[in-house]
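> Quick one, what's the 3D model for this:
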Amino acid sequence: MSPIIDMQHIARDARLAMHDSRSGQTMILLVTLMGGMLMLATAVSGLLMFYQVQQSGDAGRSTAAIYAADAGLERAISFYWEYSEDPADPGKCWAPNPPCNGDDFPELNVDSTLPNGATFSPELSIPPGTVQNAVTTLSAIGKDSAGRTVRSLQTTFITNPGP
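Below you'll find the predicted structure:
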C-alpha cells in the first residue's frame, strides 16, 4: 500500500470518528431536552389536577355558604314582617323614627351558626315609614365553617308606594 492511500484512509477514519462523536453529543442533548419537556408537562398536569381537586372542595364550601346566606335572608324577612306589624312600638324603627339597620335589632343575630358550622349575618335597612317609594333592603352574608368562602344574598322592595 502506498503512503498516500494510507493517508486517505486515516483522514476518512478521522472524519468518521468525529461524525460519530457529534452524533453521540446530539443524542445526549436530545434525550436531555425530551426529559426536560416530559418533566415540565408532568408538573403542569399535576398543578392542574391540584386546582381541580381544590375546586371540588370549594363547591361544597360554596354550597354551605349560599345556604347560610339563604337562612340569614329568611331570618331578615321574618323579622321585617314581624316588626312591620308593630309601628306603635317606640323601640323599633318605624315612623317617625329614623332609618334603621341590623344594629337596631340585636336579636337578629342570635343563633346565627348552622349545625354544619356555617354562619350567617342578616342585615336590614329600613327607611322611615313617612317616605314614599322608599327602598327597603334585606340582605344576608353566609360563610362556610372555615370562613374561607363567603356568599351574599339580597332582596330589595319599595315600601309605602306613592300614588
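> quick one: the helices in the protein?
Applying DSSP state H to the chain gives helices spanning 3-84.
> shaky segments in it?
Within the chain, the stretches with pLDDT under 70 are 1-23, 83-107, 109, 128-129, 160, 162.
> at 80 what do you get?
For the chain, the stretches flagged by pLDDT under 80 are 1-24, 54-57, 80-111, 125-134, 159-163.
> Just give the nearest non-adjacent residue to T136, would you?
T159 (4.8 Å; CB to CB, 6 or more residues apart in numbering). C-beta coordinates here come from the backbone N, C-alpha and C atoms, glycine included.
> what about that neighbour, distance to S112?
T159 sits 25 Å away from S112, going by CB to CB, to the nearest Å.
> Quick one: neighbours of the residue nearest to T136, just the number.
Neighbourhood size, T159 [other CB atoms under 10 Å]: 16.
> Relative to M37, how far out is it?
66 Å.
> now swap in V131 and tell me
The gap separating V131 from M37 is 68 Å, by CB to CB.
> of the two, who's got more company?
Applying other CB under 10 Å to V131 and M37 shows that V131 carries more neighbours, namely 13 against 10.
> Quick check: the more buried one vs L138, distance?
Counting by CB to CB, the gap from V131 to L138 is 17 Å.
> go on, A71?
Separation of A71 from L138 (CB to CB): 13 Å.
> out of the two, which sits in the more crowded spot?
Neighbours per residue, other CB under 10 Å: of A71 and L138, the larger number sits with L138, 24 against 19.
> my guess is the more buried one contacts E123, does it?
Yes: with contact defined as CB atoms under 8 Å, L138 reaches E123; the gap is 7.3 Å.
> got any residues that touch both of the two?
Here L138 and E123 have A76 as joint contacts, going by CB atoms under 8 Å, 6 or more residues apart in numbering.
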